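J.: generate a structure from the sequence data that follows.
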Amino acid sequence: MQALRRHLLPFRDAALLSLTLIAAGAGRAADFSAWSHRQTLDLNHSGLVKLALPAETLDRARPDLADLRMVDGQGGEIPYAVLRPTAAAPSVVKPRSFRPELSEGATVLIVETGTDHALVAVTLVTSARAFVKPVEVALSADGSTWETVAHGVPVYRQSSAAQLTVALPRRPAAWVKLTLDDRRSAPVAFSGASLLVGQDRPAPTVEVPVRVRERIELARETVLTLDAGAAHLPLTAVSLLVPDRYFRRSVKLLVRDWQDGEVVERTLATGEIARFAIDESLGLQTERLSIPLAGVPLPSREWLLQIDNGDSPPLGAIEVRAERRPIHVVLSGPATTVYIGNPAATVPRYDLASLSGSMADLPVINLSPSEPASSTVEPGLSLFGPIGVNPVYRKPQPLAQILVDGAPLEARPWSGEKSIIVETTGIQRLEIDREVLAGARADLGDLRLSRQGRQVPYVIERSSRERELPLVVMVDNDPDRPRVGRWKVAIPKDLPITRLTLTSRQPLFQRFLQVMDTPADPRVSSRNRLLAAASWTRTPESVDRAFTLALGSPPQGEALLLEVDNGDNAPLVIDAAKAWYPAVHLLFRAEDTSPLTLHFGDRRLSAPHYDVSLVAAELLAAEASIARISETPGEPSDATVTSRSRALSKGFLFWGALGVVVVVLLVVISRLVPKPPSPGA
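T.: Next comes the predicted model:
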């Protein structure tokens, strides 16, 4: 193989030379005023080179890199080719032979591979239901001389989990020997095996530092908001560092995406993280802390990790790591500038790009020998300078108007208004408080943001995150039903509550609980509406945690009724209750820090349709600042002031009009009443 490669080197060099001649034909100075950002590139090397694009460049560029432009010192455009390394999926093959042997205190499995491909893993086949075995793994080229490559690898099958696959060191071998230790348990019969084969070297990956921006503990769930530092990164895996000794959790990765006119959360991957003992006497344990991903560029730098805790306590402090595929460009230097950030740019059609397949094996060049080696830094990244605003950038005026200015705000009978504080310019994320959620329509179509009489376009972001609201539980027993415990819980009217959590100090009970909604309008219906029903069981061995009930639909009244049949048992005591409602955000852009107003509460207003949805991807990829609703301690909120002022104004109008009517009636009556005769008549 090496001789063949040496034989092909001259042909490769000739091909590279021809490609260099193609790339050397840089075009004349181009106009880059439509590109919002530029980055310096200190590439003085002449000839064809392969560079890795930094994460900062991927963040500012479009996901498809259609707006990426390389420029030389004279302002001429340099042709380039984009290379995206991918990993070929391993394939499953049947070995040539499989031979089990019993020896003293061990079972030996001899596998003749019958393939010259790199061995990725071997999977054993057995019908045994419950066993744990430590395995020693060895490879051989001739079946007689063995090289041990792994010790104490656990192979097991238990009631809730199984591990029958043993990883191999990704290299060819004619024979594989697996020695299972039988000294502590009876031998297990294995009937066969399959091999996973693939490339002799995996596709390259780069470590991505991930910051945990926020951790929220919900009932039975932990939600981590993660920041990868850049958007458009083709992630291949996410790994967790968990301090807990033993655990098992279902996890879900989500990313914000634009769908059906709203920002929603799209599931990227689901999986399980676990660490548990297989056999403590043997010191065997296993763990799965990584979640594989497809390597598709993510639209946002921020994503969510949901951990289902069930009835277990939350995990300890969690650190997150990620890996991504590198993205390379092949070009002929020298080059001085990289331009990025043009949403209207089309994919350039260079001759060099059509020959990218022959350049996959080019090494990534490192022109900075002093650059330290690191798993998070690829060679040559120091050639790229910081990203800055393009000084000749001409912002498209229509786009600016779409993002900032909407139509004039129509005068409407709003039920409430809120003052919004913006502290920095740029993309903003505003969380709607529960007063607005309760006062607005269910679809939030009556929300309007305004500044100086004009609407500010926005998009709605709905997430799986929730906010809690402590509730006051009042005993409301019915004397005619002594076996039934009953409580009344006041809630904000029309708040979209999704679930209810209850706590009780009693250590032992089992009750069937119902949650009902009081009528929103007793004149229309006097019947309570069933929202949820479930059995609540507590034993001394169970974890003392809150009991959660998911509501079938949001309540419409101002109180919830809880009912439980105590039977012949002592009455159940409910100590506390919490309601959970969705966290909803508005995404918009602010060009200055002047305050805005959020209007809501007009049920007859149709939902807005803003052109900002055309640039929703730009909103998602940007790092948003936090706008907030103004709340002055000790003073009523703007919504309350607005509603009170409207109520007072309506009262003044009513009594004023009534007074005018009374005066007019008195005048008319005084004229109709006959005057008394004068004394001299």
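
J.: can you get me a residue count around Arg441?
T.: By other Cβ atoms under 10 Å, the residues close to Arg441 number 16. Glycine gets a C-beta too; all of them are placed from N, C-alpha and C.

J.: to clarify, my last question referred to Ala189.
T.: Ala189 has 10 nearby residues by other Cβ under 10 Å.

J.: same question for Arg467.
T.: Neighbour tally, Arg467, other Cβ under 10 Å: 16.

J.: for it, which non-adjacent residue is spatially closest?
T.: The shortest distance from Arg467 to any non-neighbouring residue, by Cβ to Cβ, 6 or more residues apart in numbering, is to Ala583 (5.3 Å).

J.: in the helix or strand harbouring the one you found, what counts as buried?
T.: Using DSSP states H and E, Ala583 sits within strand 576-590. Within strand 576-590, the residues scored as buried using 16 or more other Cβ atoms under 10 Å are 577-590.

J.: then stretch 297-309?
T.: By 16+ other Cβ under 10 Å, the buried positions in stretch 297-309 come out as Pro297, Leu298, Pro299, Ser300, Arg301, Glu302, Trp303, Leu304, Leu305, Gln306, Ile307, Asn309.

J.: got CSV for these, with pLDDT and distance to Leu561 too?
T.: Output for the buried residues of stretch 297-309, formatted as CSV (pLDDT from 0 to 100; distance: Cβ to Cβ, whole Å):
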residue, pLDDT, distance to Leu561
Pro297, 87, 50
Leu298, 86, 45
Pro299, 84, 44
Ser300, 86, 42
Arg301, 89, 45
Glu302, 90, 40
Trp303, 90, 40
Leu304, 93, 34
Leu305, 95, 37
Gln306, 94, 31
Ile307, 95, 33
Asn309, 91, 29
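
J.: could you measure from Phe512 over to Val564?
T.: 7 Å (Cβ to Cβ, to the nearest Å).

J.: which neighbours do these two share?
T.: Taking Cβ atoms under 8 Å, 6 or more residues apart in numbering as the criterion, Phe512 and Val564 both touch Trp536.

J.: looking at those two, which is more packed in?
T.: Val564 (19 against 12).

J.: quick one: secondary structure of the more buried one?
T.: strand (DSSP: H, G, I helix; E, B strand; the rest coil).

J.: my guess is it contacts Leu549. True?
T.: No. Val564 is beyond contact range of Leu549, at 11.8 Å (criterion: Cβ atoms under 8 Å).

J.: ok so, going back, strands - which of the buried residues of stretch 297-309 land there?
T.: Members of these lying in strands (criterion: DSSP state E): Glu302, Trp303, Leu304, Leu305, Gln306, Ile307.

J.: in the stretch 301-450 of the chain, which spans are helices?
T.: Remark: helices assigned in the stretch 301-450 of the chain by DSSP state H, counting those that start in this stretch are 397-404, 434-439.

J.: contacts only, for Gln510.
T.: By Cβ under 8 Å, 6+ apart, the contact set of Gln510 is Ser535, Trp536, Thr537, Arg538.

J.: pull the most distant pair out of the residues you listed.
T.: Ser535 and Arg538 (10.9 Å; Cβ to Cβ).

J.: the two: who's more crowded?
T.: More crowded of Ser535 and Arg538, by other Cβ under 10 Å: Arg538, with 19 against 9.

J.: quick one: pLDDT of the more buried one?
T.: For Arg538, the pLDDT comes out at 85.

J.: if I look at the closest residue in space to it that isn't next to it in sequence, how far off is Arg486?
T.: The spatial neighbour of Arg538 that comes closest, neighbours along the chain excluded (Cβ to Cβ, 6+ apart), is Phe509 at 5.3 Å. Computed as Cβ to Cβ, the Phe509 to Arg486 distance reads 16 Å.
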